[in-house]
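Undergrad: this one's structure only:
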């Protein structure tokens, strides 16, 4: 590079070069990951809008994301999973996932919603469960990503089982003939508490925005690297 007839070499130094080598691929990778997540969310949003208002039907052999299902059967009292560390309007409690046995013998994991608990966390809440034959309507909710758990995540041998994240595949292993799906019980249905949210909390546009930020950071890093390299050479001369 020449400036005012004087040749300038590009010499950023090994420290700056190492910094860019480490962080430029990271920013590009995170930007690409966010674009992929945006594409996944767009597919989810399309399925969500198509199915959220559809008529509830009995489940077939295959269940689709956001499908409204009508189940006939009964709750299995005493077999509940309590998802810990949940809050609602300032209250602390659990999301209650109960087992519902349909008439065809399949067992379903029904998210009955939020149930407040003991603030001191010394006791578990009493879970009231309807008895007898029932018909319920619930939404098949896809697993949109598991939160990380730090440390051991051991589940108790007995019931109810207090869990730190909703892992439907793991939950299903404790039951015979269980379907590894979370079904979010709709408001007004038998056994519902405060219904679980059925809104998508991270639209595709947010992931796209995050991708733009990461790619912008990668561009700024590259431009800064070039400017620093030539200016550093100028100072050395």
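TA: Right, received. Where do you want to start? Computed from a predicted model, the values in this text were never measured in an experiment.
Undergrad: could you pull out the helices for the protein?
TA: Secondary structure of the chain (DSSP state H): helices at 14-51, 168-172, 204-236.
Undergrad: Just put these in JSON lines and tack on mean pLDDT, distance to residue 139 and mean neighbour count.
TA: Using the backbone N, CA and C atoms, a C-beta is placed for each residue, glycine as well. As requested, the helices of the chain are exported to JSON lines (pLDDT from 0 to 100; distance: least, C-beta to C-beta, whole Å; neighbours: other C-beta atoms under 10 Å):
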{"stretch": "helix 14-51", "mean pLDDT": "82", "distance to residue 139": "9", "mean neighbour count": "14"}
{"stretch": "helix 168-172", "mean pLDDT": "95", "distance to residue 139": "14", "mean neighbour count": "16"}
{"stretch": "helix 204-236", "mean pLDDT": "79", "distance to residue 139": "20", "mean neighbour count": "15"}
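Undergrad: Please convert the ones you listed to JSON lines, extending it with distance to residue 105.
TA: Below are the helices of the chain laid out as JSON lines (distance: least, C-beta to C-beta, whole Å):
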{"stretch": "helix 14-51", "distance to residue 105": "25"}
{"stretch": "helix 168-172", "distance to residue 105": "14"}
{"stretch": "helix 204-236", "distance to residue 105": "38"}
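Undergrad: Which positions are bridged to residue 72 in the beta structure?
TA: residue 135 (DSSP bridges).
Undergrad: Isn't it up against residue 137?
TA: No. Using C-beta atoms under 8 Å, residue 72 is not in contact with residue 137, being 10.8 Å away.
Undergrad: what's the closest of the helices of the chain to residue 127?
TA: Closest to residue 127 of those is helix 168-172 (C-beta to C-beta; 15.9 Å).
Undergrad: for that closest one, packing partners?
TA: On a contact count with 3 or more C-beta pairs under 8 Å, 6 or more residues apart in numbering; DSSP states H and E, helix 168-172 meets strand 107-116, strand 178-185.
Undergrad: Check which helices and strands the first one sits against.
TA: Which is strand 107-116. Checked by 3+ C-beta pairs under 8 Å, 6+ apart, strand 107-116 has strand 68-88, strand 91-102, strand 134-141, helix 168-172, strand 178-185 packed alongside it.
Undergrad: run the last query once more with 7 Å
TA: Contacts defined by 3 or more C-beta pairs under 7 Å, 6 or more residues apart in numbering; DSSP states H and E place strand 107-116 against strand 68-88, strand 91-102, helix 168-172, strand 178-185.
Undergrad: how about those in TSV, adding distance to residue 161?
TA: TSV is the format used below for the helices and strands packed on strand 107-116 (distance: least, C-beta to C-beta, whole Å):
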stretch	distance to residue 161
strand 68-88	5
strand 91-102	9
helix 168-172	8
strand 178-185	13
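Undergrad: So which of the ones you listed is nearest residue 59?
TA: strand 68-88 (4.9 Å).
Undergrad: picking that back up, quick one: closest of the helices of the chain to residue 104.
TA: Across those, residue 104 has its closest neighbour in helix 168-172 (16.1 Å, C-beta to C-beta).
Undergrad: contact partners of the closest one?
TA: Here helix 168-172 makes contact (C-beta atoms under 7 Å, 6 or more residues apart in numbering) with 81, 109, 143, 178-182.
Undergrad: If we use 10 Å, what do you get?
TA: Residues from elsewhere that reach helix 168-172, judged by C-beta atoms under 10 Å, 6 or more residues apart in numbering: 81, 97, 99, 107-109, 111, 141-143, 153, 155, 161, 163, 178-183.
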